[in-house]
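*Asks:* predicted coordinates and the sequence they were generated for:
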Amino acid sequence: MALTSVFFQTMYLVLVEKSSAEDGLTSVEIMFYNAILSLPCLLLLIIATAEFPQSLSLLLEKAHTFTFFLIFNLSLVMGILLNFTMFFCTIVNSALTTTIVGVLKGVGSTTFGFVLLGGVEVHGLNVIGLIVNTIGGMWYSYAKYEQKKKASKKISSDEEANHKEKN
């Protein structure tokens, strides 16, 4: 299941990147199309799992409390912000960069959970996995930084050469 999830998330981010590059869509437009295109799949899942009647009754039961209203709206806002930033990151950088940032976020969350929340016995394998993830993310970030630096130098030298040729 985890491998399937990673595969579909990768395809999802690649499609977001291609949509912005080929069609010039903004992250808000991509979010809109994503919501419209996801609705049939979501409805099919709701019907297939037969969760709709139970979910609706629970929603109607809890909808009148302020706590539910507050948490529900907070969840909506956080979901919208998460999707917007993920799409924006993919459009500005690449699908691979968004994936690496997600891995680094996971490393940070896991480390934060180890330190503050406890309840997890720290083994050597856990620590090695976190170190490998962190080193890989930093290595990737450094390589992207160097690649951007070389690209900007090349563009600057090409612009200077064109400017000298015109004069």
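*Replies:* Cool, got the structure.
*Asks:* now name the helix or strand holding the residue positioned nearest the centre of the chain.
*Replies:* Centroid-nearest residue in the chain, with CA atoms, centre = their mean: M86, separated by 3.9 Å. Assigned by DSSP states H and E, M86 belongs to helix 66-92.
*Asks:* which strands and helices lie in contact with that helix?
*Replies:* helix 2-23, helix 27-49, helix 95-116 (3 or more CB pairs under 8 Å, 6 or more residues apart in numbering; DSSP states H and E). All C-beta atoms are positioned from the backbone trio N, CA, C, and that covers glycine.
*Asks:* got the angle for the last one vs helix 2-23?
*Replies:* Just to be clear, that refers to helix 95-116. 140 degrees (axes from the mean of the first three to the mean of the last three CA atoms, to 10 degrees).
*Asks:* hang on, the earlier thing: tell me which of the helices and strands packed on helix 66-92 sits most buried.
*Replies:* Mean neighbour count (mean count of other CB atoms under 10 Å) peaks for helix 95-116 among the helices and strands packed on helix 66-92, with a mean of 15.
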